[in-house]
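*Asks:* What follows is a predicted structure for the sequence shown.
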Amino acid sequence: MKHADTPLAAADVVSGMDRRRPHRRWPSNRLLAGTVVLLLAGGGAVFLLGQGTRSLRLDREKLTIGTVTQGVFHDAIPVRGEVAALDSVVLDTTEAGRVEEILVEAGETVTAGQPLVRLSNTDLQLETIARETQIIEQINNQRNVQLQFEQARTSDAHAVADAEYNITNLSRQIRRQSPLTAHGFTAQETFDNLTDQLDYQKRLRDVALDGQKRDAALYGEVAGQATEIAAHLADNLAIAKKLLDGLTVRAPVAGQLTALDVRLGEQKARGERLGRIDRPTGFKVVAEVDEFYLSRVHAGQAVSLTRNGRKIPLTITKVFPQVKNGRFEIWLGFAEGAAPQDLRPGEALQGSLQLGDDQPALVLPIGPFMETTGGRWAFVLDADGTTAQRRPISTGRRNGTEIEVLGGLKPGDKIILSDYADLDRIDQIRITR
């Protein structure tokens, strides 16, 4: 008996015809009772019998046949998973560039901030240098403006001090000359010149004080703007340097560099994936399950995997319902202290996921026919084993090897388990030896 995934093959093969032809619809007014019309379908002989029954002749040696038995349905499915780090961080480029230097190799342990790969980007380097030069010029201009204001403040202070000094000196001279001028010992013109100079110095002092106030107010406003502009320019300069520093790819966290996809001279785009760092926080197992079981798999279910003959208990921690290629992904977590010390990422583990309790039931070996019928019908062999009739059936749960039969079959029934592709319009299979 062949394995359950053996495809159907026909007994009657016509020379030169090595591919399937689609079945044709035949108008009912052309079907006569007892008339046999030979068609070639998948290399087999298709007959139209009385009452419109469509029959196909196939070689028994090319078929896989299973028997319905009364037994125990084991409500568990096989699981195969791959060990992965519990916490991983991917490495992506922040800037495009050419690989100039590879500083580490995959498998090494790295520390946070450690340089891993150096890239070069001439355009970015020149652009960054030009930006730095421009920013430095702007910072220098701001400093020059501040220096000019400081010089103006100093000049105003000197002007006020000079005027105050002259006012004090002239006031003293006038006090001395006033009685002398009154008694005629000093010319009146000399005394008048002193009073005129005193008035002039007072006006100079007032002008200097007014200028000092205006400059102080303006300086306060400009100084605030200058501080803000200087901070903004400093931020721009830091960004420019950060862009240039982005050409050195560094480890974002400490851990094991488990993947590094770079080659010297290779051009890398911005945001391109370079590798992965696994943090030493533990392991999980990533597995895929057939979409048929999506509604029955949930977080918290127990899974048993085997490694070196030892069973390891795990629990489903996450279920990702997105289906890809007929399967969905689950994450399994180790029970406390159950993870082997020598476990390594990438290691494959196999075991089973218990979906429910084992129960007595009619069971049938699983086969490719389920892909076509969905467990709604099957070809059941007659007692003599020469003919298989299409029959509606009802099926329930599945595991990796068996199907639970709910109706349409009884113990001892034999059905064809092979692939039913292109047989959805066939009613009967005539089995030849």
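*Replies:* On my side now, so go ahead. Residues are numbered from 1 along each chain as shown.
*Asks:* Tell me the bridge partners for the nearest residue to F292 once chain neighbours are set aside.
*Replies:* Setting aside the residues directly before and after it, F292 is nearest to R398 in space (CB to CB, 6 or more residues apart in numbering), at 6.5 Å. C-beta: built from backbone N, CA, C; applies to glycine. Note on R398: beta-bridge partners I403, judged by DSSP bridges.
*Asks:* the domain parsing of this protein - what is it?
*Replies:* Residue ranges for each domain of the chain read 28-74+359-432, 76-86+282-354, 88-121+247-277, 123-245, as given by automatic domain parsing.
*Asks:* and those domains as CSV, adding mean pLDDT and mean neighbour count?
*Replies:* Converted to CSV, those look like this (pLDDT from 0 to 100; neighbours: other CB atoms under 10 Å):
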stretch, mean pLDDT, mean neighbour count
domain 28-74+359-432, 83, 17
domain 76-86+282-354, 91, 15
domain 88-121+247-277, 92, 16
domain 123-245, 83, 14
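*Asks:* Got phi/psi on Q114?
*Replies:* phi -70, psi 130 (degrees, to the nearest 10).
*Asks:* start the count at 20, not 1, going forward
*Replies:* All right, first residue 20 from here; so that's Q133.
*Asks:* That one: what's it in contact with?
*Replies:* When contacts are counted by CB atoms under 8 Å, 6 or more residues apart in numbering, Q133 is found next to 123, 269-270.
*Asks:* Identify those among those that sit within strands.
*Replies:* In this view, these that belong to strands under DSSP state E are R269.
*Asks:* want to try a markdown table for the contacts of Q133, with distance to S314 as columns?
*Replies:* Supplementary listing: these in a markdown table, determined by distance: CB to CB, whole Å:
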| residue | distance to S314 |
| --- | --- |
| V123 | 45 |
| R269 | 45 |
| A270 | 42 |
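*Asks:* what phi and what psi does the backbone show at K81?
*Replies:* Backbone dihedrals for K81, given as degrees, to the nearest 10, come out at phi -90, psi 0.
*Asks:* how far away is it from D443?
*Replies:* Counting by CB to CB, to the nearest Å, the gap between K81 and D443 amounts to 19 Å.
*Asks:* And for V179?
*Replies:* V179 sits at a distance of 107 Å from D443 (criterion: CB to CB).
*Asks:* what do you get for D181?
*Replies:* On the measure of CB to CB, D181 and D443 end up 112 Å apart.
*Asks:* Next: V87.
*Replies:* V87 sits 22 Å away from D443, going by CB to CB.
*Asks:* I'd guessed R292 sits against D280; true?
*Replies:* Yes: using CB atoms under 8 Å, R292 makes contact with D280 at a distance of 7.3 Å.
*Asks:* Name the residue closest to the centre of the chain, please.
*Replies:* Nearest to the mean C-alpha position of the chain, by CA atoms, centre = their mean, lies V109 at 8.9 Å.
*Asks:* Does that residue lie in a helix or a strand, and which?
*Replies:* With secondary structure defined by DSSP states H and E, V109 is part of strand 107-111.
*Asks:* could you say what helices and strands that strand packs with?
*Replies:* Helices and strands touching strand 107-111, by 3 or more CB pairs under 8 Å, 6 or more residues apart in numbering; DSSP states H and E, are strand 274-279, strand 292-297.
*Asks:* Tell me if Q196 really is in a helix.
*Replies:* Yes: if the criterion is DSSP: H, G, I helix; E, B strand; the rest coil, then Q196 is within a helix.
*Asks:* wait, isn't it in contact with T209?
*Replies:* Yes: using CB under 8 Å, Q196 and T209 qualify as a contacting pair, with a distance of 7.0 Å.
*Asks:* and A103, how far is that from H202?
*Replies:* According to CB to CB, A103 and H202 sit 114 Å apart.
*Asks:* quick one, strands of the stretch 20-169 of the chain?
*Replies:* Secondary structure of the stretch 20-169 of the chain (DSSP state E, counting those that start in this stretch): strands located at 58-60, 63-67, 73-78, 84-86, 88-92, 95-104, 107-111, 116-121, 128-129, 134-139.
*Asks:* which residues touch L135?
*Replies:* With CB under 8 Å, 6+ apart as the criterion, the residues that contact L135 are 110, 121-123, 129, 268-270, 276, 279, 293-294.
*Asks:* One more pass at 6 Å, please.
*Replies:* Counting by CB atoms under 6 Å, 6 or more residues apart in numbering, L135 touches 122-123, 268, 270.
*Asks:* for the stretch 120-269 of the chain, what spans make up the helices?
*Replies:* Read by DSSP state H, counting those that start in this stretch, the stretch 120-269 of the chain holds these helices, from start to end of the chain: 141-201, 207-264.
*Asks:* Now do the first one: distance to the chain's middle.
*Replies:* In terms of CA atoms, centre = their mean, to the nearest Å, the centre of helix 141-201 is set 60 Å apart from its chain centre.
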